[in-house]
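# prediction below, plus the sequence it came from.
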Amino acid sequence: ASTKKFQKIISSGLTLADLRHTCASLLLSNGVPMKQIQIWLGHSTFSTTADIYAHLDFSAQEQSAATMGAMFQRKEVSAE
C-alpha cells in the first residue's frame, strides 16, 4: 500500500529532491537541530546543510531578533 502511495506522489510531478527538501524543511520547522538534519540527509558537512536550509529557520531568526530587542530595552530604575 505504501509503495502505491509513493508511486502516486512521484507521478504527481514531485521529485525525490523535492521530497528530501520537504522532509528537511519540516524537520527544521519542528525544532530539529540543523546538525541532526545534516546527519539525516547525509550531507558530509554542516555548512552544506546550513547553506541550503538556514533561510528556513524562522524560529532562530525570531529568537535572535527578540534577543537584540531585549538588549536595547531600557530597564526602569526604582526611585528608592
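On my side now, so go ahead.

# which parts of this structure are helices?
Along the chain, the stretches classed as helices by DSSP state H are 2-11, 16-29, 34-41, 46-53, 58-71.

# now this structure, which segments are flagged as low pLDDT?
1, 57-61, 74-80 (pLDDT under 70).

# spatially central residue for it, please.
By CA atoms, centre = their mean, the chain has its centre lying nearest to residue 28, at 2.7 Å.

# right, and it touches residue 35 too?
No. With contacts counted by CB atoms under 8 Å, residue 28 stays clear of residue 35, the gap being 11.4 Å. Just so you know, the C-beta spots here come from the backbone N, C-alpha and C atoms, and that holds for glycine as well.

# need phi/psi at residue 13.
When read as degrees, to the nearest 10, the backbone of residue 13 gives phi 110, psi -10.

# revised request: answer the last question for residue 14.
According to degrees, to the nearest 10, residue 14 has phi -70, psi 140.

# so what's the residue count around it?
Counted with other CB atoms under 10 Å, residues neighbouring residue 14 total 13.

# and for residue 48?
When neighbours are counted by other CB under 10 Å, residue 48 comes out with 13.

# cool, residue 50 as well?
Per other CB under 10 Å, the neighbour tally for residue 50 reads 16.
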